[in-house]
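**Q** return a 3D structure for these sequence lines:
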Amino acid sequence: MALVNLNRILADAREGHYAIPAFDVCSYEMANAVIEVAEELKSPVIFQGLKGDLTDDAFDMMSVIMNILAKKSKVDVCIHLDHAKEFELIKKAIAQGYTSVMIDASQQPLEENIRLTKEVTEYAHMYGVSVEAELGHVGDGIVGDSENAVQSGSEGHESALTKVEDMERFISETNVDALAVAIGTSHGVYKGVPKLNLELMDELNKHSEIPLVMHGGSGTPEKDLLKSIELGMCKINIFSDILKGYYTGMKEFLNEIDNLSVWPSVGNKRAVEYMKKVIREKYELFGCINKNR
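**A** Numbers count the residues shown, from 1 in each chain. The predicted structure is shown next:
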């Protein structure tokens, strides 16, 4: 099909009252699993590249892999840069074929967040690339470290919730295409049950001219995800859940064998199937099956 930006995918999602899962991928196995499930379910794809997992040459190589898979795909694919803080990285991603980028200046004061986002938006739009930003601040859990993971809504939680009046000004002054809002989720792994402010989500969507994005979708209770989608959430980021699926399958397989000298294609088989199961569940839960144009 087509290599597209976020605008096309999320406009349909907002109008149709469903959401698209956006999967961070850092290997061929992960990206190919997403494509295979999406084609099976006739759903569009949002690949996300995250610099923390794609250092040095790995970033360049993963750009090539995502572009090749996208161009061969039977469904629409958006290649999105997740959580970029440096303008030079954003320029590099656009040059390497990313069709969407995120500028994350959410930890900066509002004025600076607006200034940086506007600068990125003006540049990216010259190349037909969509821009996502973040307003408020979504806290950070720690993937793989349950002892240090953040409990959303708990004392000391880092999330500063998005304010409606700030959002309206932010959208008006930056011309951004999608906005990640803070309603009580956290990145990474939750130690406890997150406490989402769904009343705030409702108000934000009513006053937003653009699609809204949830960061920290992994581990968020299904009932809260469904309610968020009902209230207008259009894009939900998923990473920790597919990592858990992959490594659960890998651990099971390795614990069953004595000879660890197995071919990667054999060793990865169960891990990939478990990961694909999670991907399939997200597409089904978010209501986006058969939503590819």
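**Q** work out which residue lies at the spatial centre of the protein.
**A** Central residue of the chain (CA atoms, centre = their mean): residue 237, 2.9 Å from the mean position.
**Q** ok, it - contacts?
**A** Counting by CB atoms under 8 Å, 6 or more residues apart in numbering, residue 237 makes contact with 21, 22, 24, 48, 82, 213, 214, 215, 216, 217. Every C-beta, even on glycine, is put in place using the N, C-alpha and C of the backbone.
**Q** try 7 Å this time
**A** Contacts for residue 237 (CB atoms under 7 Å, 6 or more residues apart in numbering) come out as 22, 48, 214, 215, 217.
**Q** would the second one count as being in a strand?
**A** Yes: assessed with DSSP: H, G, I helix; E, B strand; the rest coil, residue 48 lies in a strand.
**Q** so which bits of stretch 123-142 are buried?
**A** 123-124, 129-139, 141 (16 or more other CB atoms under 10 Å).
**Q** chain center to that stretch, what's the gap?
**A** Distance of stretch 123-142 from the chain centroid (CA atoms, centre = their mean, to the nearest Å) equals 10 Å.
**Q** next one: stretch 119-130
**A** Counting by CA atoms, centre = their mean, stretch 119-130 is centred 19 Å from the centre of its parent chain.
**Q** helices or strands up against the longest strand along the chain?
**A** Secondary structure of the chain per DSSP state E: the longest strand is strand 77-84. Strand 77-84 is packed against helix 6-16, strand 45-50, helix 57-72, helix 87-95, strand 100-103, with contacts defined by 3 or more CB pairs under 7 Å, 6 or more residues apart in numbering; DSSP states H and E.
**Q** the inter-axis angle of the helix or strand that comes right after the first one versus strand 77-84?
**A** Spelled out, it's helix 6-16. Later in the chain than helix 6-16, the nearest helix or strand by DSSP states H and E is strand 20-24. If you take axes from the mean of the first three to the mean of the last three CA atoms, to 10 degrees, strand 20-24 sits at 60 degrees to strand 77-84.
**Q** mind listing what's buried along the very next helix or strand once past strand 20-24?
**A** Using DSSP H and E, the helix or strand that follows strand 20-24 in sequence is helix 28-41. Using 16+ other CB under 10 Å as the test for burial, helix 28-41 gives 30, 31, 33, 34, 35, 36, 37, 38, 41.
**Q** list the contacts of the second one.
**A** In other words, residue 31. By CB under 7 Å, 6+ apart, the contact list for residue 31 reads 25, 47, 65, 66, 69.
**Q** could I get those as a markdown table with neighbour count, distance to residue 275 and pLDDT?
**A** Shown next, in a markdown table, are those (neighbours: other CB atoms under 10 Å; distance: CB to CB, whole Å; pLDDT from 0 to 100):
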| residue | neighbour count | distance to residue 275 | pLDDT |
| --- | --- | --- | --- |
| 25 | 27 | 10 | 95 |
| 47 | 27 | 14 | 97 |
| 65 | 17 | 16 | 96 |
| 66 | 27 | 16 | 96 |
| 69 | 20 | 15 | 97 |
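**Q** and of those residues, the nearest to residue 232?
**A** residue 47 (23.3 Å; CB to CB).
**Q** which residues are in contact with that closest one?
**A** Contacts of residue 47 by CB under 7 Å, 6+ apart are 23, 25, 31, 34, 66, 77, 78, 79, 80.
**Q** got it, and residue 241?
**A** Residues near residue 241 by CB under 7 Å, 6+ apart: 218, 219, 278.
**Q** three-state assignment of the first one?
**A** To tie it back to what came earlier, the one meant is residue 218. Reducing the assignment at residue 218 to three states with three-state DSSP gives coil.
**Q** now the one 10 residues further on
**A** Residue 228 carries the three-state label helix when classified by three-state DSSP.
**Q** run a quick neighbour tally on it.
**A** Neighbours of residue 228 under the rule other CB atoms under 10 Å: 24.
**Q** find the nearest non-adjacent residue to it, please.
**A** For residue 228, ignoring the flanking residues on the chain, the nearest one in space by CB to CB, 6 or more residues apart in numbering is residue 201 at 5.7 Å.
**Q** average model confidence for the helix or strand hosting residue 223?
**A** Here residue 223, judged by DSSP H and E, is contained in helix 222-230. For helix 222-230, mean pLDDT is 94.
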